[in-house]
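Q: A structural model of the following input is requested.
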Amino acid sequence: MKLAMGLIFVLVGILLIFGIFTGDTLLNAFVNLINYWPIILVFIGLSILSGVKGLKWLRYLNAFLTVCFILFIFFWPSAFLSGSRTVSETTLLKTTEELTVVEIQIDLPMVNIRIEAMETAAPLSTVAHVDHTIRGANLKIEESGSSTLKKWTLKTDSSLSWLTSSTMVLKLNPAYKYIIKLNTAAVNGSFDIAGLKVEELDVNCAVLKADFKVPAVSNSRIEVKTAISNGDIFIPKNVRAFLRATAAIKNVKSDLNNTGSGEEYIYESAGNEYNTNLSFESAIINLKVLR
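A: As a prediction, this is how the structure comes out:
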C-alpha cells in the first residue's frame, strides 16, 4: 500500500511538472480504478503470501505488478469513456393512463448514456424507448406511482451488479413532463434535452463526463453531485441560466456574459423566456458554458 501511494504521488507530480496532467487524465484513472478495482485483492493476497516461508520472492512480484497497475489505470484509454453507444435490445415504457409527470430513475453501476427526444411522433401510450446493452446482466424495470405521476426504475437483475457496465439510449416522448434521476458510480453521458420538458434532472455519481443541452421549452432544475465533474453546458438563446458550482478545485470557462459572482454564475438571455437552475457539487469541477 505504501508503494502504491508513493507511486501515485510521484506520477502525479511528474505529470504536473510536464503539464500533461489534466482533468481527463484523472477522470480516466478513476474510471479504470472503478472498473478494475478487484485486482487490488490480488495484490493483498500476494502480500499475505509473501510472509510465508519460501515465498518471499512474491514481494518483488507484487511490487512489479503494483507499478504496472498504477501505470495502467492512468494511461490505458478507458473503453467506457471513449466507446460508442451501441445497443442490442429495446424496451418500451408504456402507459394507459393520462399522466402529467413521468419519473425515470436509473440505478446502474456504470452507464454510458444518451438522453434525447424521440425523432418521430409517438402515441401518448409510449412514454419512452429504452435502447440498452448491459454486460453480464439483464435490465430490470420496476413500475409504481399514481394516475397522474408514474415512476419507472431501471436497474440490473444481477446480484453482482457492481461488476456490470451499461450502455443506454433513452428516447423520451416530448408530450410529457419528466423527472430524471441517475444513481451510479460513473457516468459518460450526453443529455440532449433541449426539446424536452425536463423539470428535474438529478445526477449522483463518483465520476461524471457529460454534455448538457438545457431544456429550451420549459423551466428546469439540474443538480449534480459527484467527486469529479467534467463537461460542457449548452444554454439555448431563450433561457436564462443560474449556475452554482461548489468545489475544492474548480474551473468554469465561458465566453458568455456572467452577471453573478463567487460560486454563482448568471447567464442572461435575450428574452428570458425560461429559467434553468444548475447546481454542481464536486471535489473537482471542469465545466465549459456555451450558447
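
Q: mind checking how far stretch 102-111 is from the chain centre?
A: Remark: stretch 102-111 is offset 11 Å from the chain centroid, using Cα atoms, centre = their mean, to the nearest Å.

Q: for it, what is the average pLDDT?
A: The average of the pLDDT scores along stretch 102-111 is 91.

Q: just stretch 30-48 next, same as before
A: The average pLDDT within stretch 30-48 is 82.

Q: contacting residues around that stretch?
A: Residues external to stretch 30-48 that are found in contact with it (Cβ atoms under 8 Å, 6 or more residues apart in numbering): 4, 58-59, 61-62, 65-66, 69, 72-74, 76, 78, 80-81, 110, 165, 185-186, 188, 206-207, 227-228. C-beta here means a position set from N, CA and C on the backbone, and glycine is covered the same way.

Q: Now go through these and say which are in strands.
A: If you go by DSSP state E, those have Met110, Ala186, Asn188, Val207, Ile228 in strands.

Q: Of the residues you listed, which is the nearest to Leu243?
A: Distance to Leu243 across the ones in strands among the contacts of stretch 30-48 (Cβ to Cβ) is lowest for Ile228, with 17.5 Å.

Q: quick one, what contacts the closest one?
A: Residues in contact with Ile228, defined by Cβ under 8 Å, 6+ apart, are Gly23, Leu26, Leu27, Phe30, Ala206, Val207, Leu208, Ser282, Ala283, Ile284.

Q: Pull out the buried members of the ones in strands among the contacts of stretch 30-48.
A: Met110, Ala186, Asn188, Val207, Ile228 (16 or more other Cβ atoms under 10 Å).

Q: Now stretch 48-57: buried residues?
A: So stretch 48-57, judged by 16+ other Cβ under 10 Å, has buried residues Ser50.

Q: Check the offset of that stretch from the chain's centre.
A: 42 Å.

Q: need the helices for the stretch 51-200 of the chain, in chain order.
A: 58-75, 79-82 (DSSP state H, counting those that start in this stretch).

Q: Turn these into CSV, including distance to Leu93 and mean pLDDT.
A: Shown next, in CSV, are those (distance: least, Cβ to Cβ, whole Å; pLDDT from 0 to 100):
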stretch, distance to Leu93, mean pLDDT
helix 58-75, 37, 84
helix 79-82, 25, 64
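
Q: which one of the ones you listed lies closest to Asn219?
A: Across the helices of the stretch 51-200 of the chain, Asn219 has its closest neighbour in helix 79-82 (31.7 Å, Cβ to Cβ).
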